[in-house]
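*Asks:* Sharing a model prediction with you, sequence too.
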Amino acid sequence: MASGGMNLEQQFANFSRYGDDKSDGKTITLTNVDKWLKQAQLLDGRKITNTDTGVCFNKMKKRTISFNQFVKFVEDLANTKRMDPDEIKKGLMDCGLPGADQKKDEKEEKKPPVRR
C-alpha cells in the first residue's frame, strides 16, 4: 500500500477528478493520466513520453477510461516500454495527491535568497 494509505484505485479516483469539477471519479482522461505519470516521475520524455501514453490510451478507442481499462492501459504501456507494470503502479500509488509536486515547487520558490 502507498504511503498515506492510498491504493491504486483511490489514486485513480483522485487524479480522475483533478482539475475537472464534472468528473465523478469513475473515468479518467489522457490529460489526467499524463499529469499523474508526470507527478510520479514516470513520464519524463525519455523512458515514457506523451506519444507513448497517447498511443496506448488510444487503443481503448474512448476519450475516458474506467479503472479496469486503466489497469490494462498500464500493462500495455509497461509491455510496450519493456518495464515492470508493478513498478509503474507503485510509482502511481506513491506520488501523493494530485498537485502535491506543484505545492512542493511553490514552497521552494518562496524561500528567501541566501545572503552571504
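*Replies:* Arrived safely, thanks for sending. Numbers count the residues shown, from 1 in each chain.
*Asks:* Ser61 - how many residues pack around it?
*Replies:* Let me fix one detail, which is that residue 61 is Lys and not Ser. Look at Lys61: counted by other CB atoms under 10 Å, it has 7 neighbours. The way it works is simple: take the backbone N, C-alpha and C, and place the C-beta from them, glycine included.
*Asks:* Which strand or helix spans it?
*Replies:* Following DSSP states H and E, there is no helix or strand that holds Lys61.
*Asks:* Mind pulling up the pLDDT for it?
*Replies:* Note for Lys61: predicted pLDDT of 95.
*Asks:* That one and Tyr18: what is the separation?
*Replies:* Distance, Lys61 to Tyr18, by CB to CB, to the nearest Å: 23 Å.
*Asks:* Could you do Gly91 as well?
*Replies:* Using CB to CB, Gly91 is found at 17 Å from Tyr18.
*Asks:* So for the two, which sits in the more crowded spot?
*Replies:* Tyr18 (19 against 16).
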